[in-house]
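**Student:** quick check, what structure comes out for this input:
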Amino acid sequence: MSEQLVVFGLNNEEYALLVGAVREITKLEDITHVPDMPPYIKGIINLRGKAIPVIDIHQRLGLRRSRCTLALIAEIEGITLGLAVNEVKEVNTLGEVQPAPPLVSTPLIEGIINIPNRLIMVLRLESIIGLDEQQVLEKIAG
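**Tutor:** I've put the predicted structure just below:
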């Protein structure tokens with residue numbers, strides 16, 4: 001069964017999250033850096049009066065960092081957070097999410113969508129943030 005996805009770019013590669021995992025998309029402006037935070041936390045943003053931690057998804061995926069202009073706002077275990085991305089390419093139903101090949105298997109990847117001239121990796125949101133990270137984010141969000 002095909003799923004509706006939010007497809008976004010990170011360093012010229014395409015990734016996606018299930019549309020149900022993303023609450024909204026917002027411009028990534030005025031990030032306040034928080035001292036003594038793990039390197040995967042870019043800082044916090046003010047979203048309608050609430051402090052939202054922003055995750056550097058490049059760092060979580062082991063990618064070279066690049067300028068992020070948007071945040072995908074999501075919720076994991078009751079914690080609202082932003083995922084910094086370079087661009088949002090589309091919200092669409094693109095095809096069946098297939099399991100990743102065995103050598104590419106990682107808890108971060110839910111599966112892949114292979115369509116002509118495109119390969120999109122579908123991320124597993126719950127795996128991007130582990131239990132230890134959830135505790136850190138709870139402290140930041142207050």
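
**Student:** so which helix or strand takes in the residue most central in space within the chain?
**Tutor:** Most central in the chain under CA atoms, centre = their mean is residue 83, positioned 4.2 Å from the mean C-alpha point. Using DSSP states H and E, the element containing residue 83 is strand 79-85.

**Student:** quick one: average pLDDT of that strand?
**Tutor:** For strand 79-85, the per-residue pLDDT values average out at 91.

**Student:** and if you look at stretch 107-117?
**Tutor:** 87.

**Student:** how about the strands in the protein?
**Tutor:** Here the chain has its strands, by DSSP state E, at 2-10, 13-18, 22-27, 41-47, 50-56, 70-76, 79-85, 87-96, 109-115, 118-123.

**Student:** nearest to residue 35, out of the ones you listed?
**Tutor:** Nearest to residue 35 among the strands of the chain is strand 41-47 (10.0 Å), distances taken as CB to CB. Where C-beta positions appear, they are placed from N, C-alpha and C, glycine not excepted.

**Student:** residues contacting the closest one, please?
**Tutor:** 26, 28-34, 37, 51-56, 68, 71, 73, 80, 82, 84, 136-137, 140 (CB atoms under 8 Å, 6 or more residues apart in numbering).

**Student:** so, low pLDDT: which residues of this structure?
**Tutor:** Low-confidence segments of the chain (pLDDT under 70): 1, 105, 130-142.

**Student:** relative to its centroid, which residue of the protein is most remote?
**Tutor:** residue 116 (24.1 Å).

**Student:** now do that one against residue 30, distance only.
**Tutor:** 40 Å (CB to CB, to the nearest Å).

**Student:** go on, residue 21?
**Tutor:** 25 Å.

**Student:** more neighbours, those two?
**Tutor:** A count of neighbours by other CB atoms under 10 Å puts residue 21 above the other of residue 21 and residue 30, at 18 against 9.

**Student:** tell me how many other residues crowd the closest residue in space to residue 34 that isn't next to it in sequence.
**Tutor:** Once flanking residues are discounted, residue 34 sits nearest to residue 43: 5.6 Å by CB to CB, 6 or more residues apart in numbering. For residue 43, the count of nearby residues is 18 (other CB under 10 Å).
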